[in-house]
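Novice: fold the stuff below for me.
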Amino acid sequence: MISIIIPVYNQADKITATLKSIELQTFRDYEVVVVNDGSTDGVDRVFGEFAKNSKDKNNYYFINQENKGAPAARNRGVKEAKGDYLFFCDADAVLASDALLYLFQALEKNTQVAYAYSSFYWGKKFFKVGNIDAEKLKAGPCIHTMSLIRRSDFPDNGWDESIKKFQDWDLWLTIYKEKGKLGIFVERVLFKVSPGGTISSWLPSFAYKYLPFLKKVKQYNQALKVVKEKHGLYF
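Specialist: I've put the predicted structure just below:
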């Protein structure tokens, strides 16, 4: 079974579209664990209305916690999850109907890898990920949070709740450090993320090289430094 864990904070206007895209999955062996991270916009009511009318209502679970941030919400979801596979889904993402199926099949065919990932859209921006080896993984963030992970390869301590940015990069680096494993690329676009979520600070690539004085660029570089120091990536 796949446990789909959705941390949500004030995204009541988007989560229904996410849940509907999950309900339309061709892969049916799943549960959905929504962790409400202290929202104040009525997301619990919106979820309740969806779950009440869903054909899979027994597969949905809703957990409330005080606001602690997405990593803490994801870790809470893992504690409640029952599946052998973990899929951390953003509350502002819409999945292709065959997303879980393709990711699951990739892991079934490639038993040596820890997770499966794909390309995606953020708004109209296309992020073509491609095959990632160890050197490319260490060079910088390149794989989205929304990847299917074998629970047996998930880090013992879960998501690092002290890291504010690049939690996904930190996770893949931790899996590589602890398990010696990488992921497998599924050459398809399997989801789309709405602008305004965790990737909303995206800037054109030239900005990071030629506009170091920008506030977003400074925050980006500082966050990179934190993860690099944690994993001993001094280059």
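
Novice: secondary structure class of the closest residue to residue 47 other than its chain neighbours, three-state.
Specialist: Of all residues not flanking residue 47 in the chain, residue 62 sits nearest, at 5.4 Å (C-beta to C-beta, 6 or more residues apart in numbering). Every C-beta, even on glycine, is put in place using the N, C-alpha and C of the backbone. Following DSSP: H, G, I helix; E, B strand; the rest coil, residue 62 is assigned to strand.

Novice: identify the residues contacting the helix or strand hosting residue 169?
Specialist: Assigned by DSSP states H and E, residue 169 falls within helix 167-179. The contact list for helix 167-179, computed with C-beta atoms under 8 Å, 6 or more residues apart in numbering, reads 70-71, 114-115, 134, 137-138, 140-145, 149, 153-156, 159-160, 163, 181-183, 227, 230-231, 233.

Novice: same thing but at 7 Å, please
Specialist: Applying C-beta atoms under 7 Å, 6 or more residues apart in numbering, the contact partners of helix 167-179 are 70-71, 114, 134, 137, 141, 143-145, 153, 155, 159-160, 163, 181-182, 227, 230-231.

Novice: what do you get for stretch 87-106?
Specialist: With C-beta under 7 Å, 6+ apart, stretch 87-106 has contacts from 2, 4-8, 11, 14-15, 17-18, 21-22, 24-27, 30, 74, 85, 116, 145-146, 148, 184, 186, 188, 190-194, 196-198.

Novice: span of that stretch from start to end?
Specialist: Stretch 87-106 has an end-to-end distance of 14 Å (criterion: C-alpha to C-alpha, to the nearest Å).

Novice: how far off centre is that stretch?
Specialist: 10 Å (C-alpha atoms, centre = their mean, to the nearest Å).

Novice: tell me the buried residues in it?
Specialist: 87-96, 99-100, 102-104, 106 (16 or more other C-beta atoms under 10 Å).

Novice: what does stretch 174-188 give?
Specialist: For stretch 174-188, by 16+ other C-beta under 10 Å, it's 174, 175, 176, 182, 183, 184, 185, 186.

Novice: excluding chain neighbours, what is closest to the spatially most central residue of the chain?
Specialist: Centrality entry for the chain: nearest residue to the mean C-alpha point is residue 145, 2.5 Å, by C-alpha atoms, centre = their mean. Distances taken as C-beta to C-beta, 6+ apart put residue 168 closest to residue 145, at 4.2 Å, once the chain neighbours are dropped.

Novice: repeat for residue 107
Specialist: residue 116 (5.1 Å).

Novice: hang on, the one you found packs against residue 181?
Specialist: No - Residue 116 lies out of contact with residue 181 (C-beta atoms under 7 Å); the separation is 11.8 Å.

Novice: quick one on the thing from earlier: what is the neighbour count of the residue nearest to residue 145?
Specialist: Neighbour count of residue 168, defined by other C-beta atoms under 10 Å: 21.

Novice: burial check on residue 32, number of neighbours?
Specialist: There are 24 residues near residue 32, going by other C-beta under 10 Å.

Novice: good, we can wrap up now.
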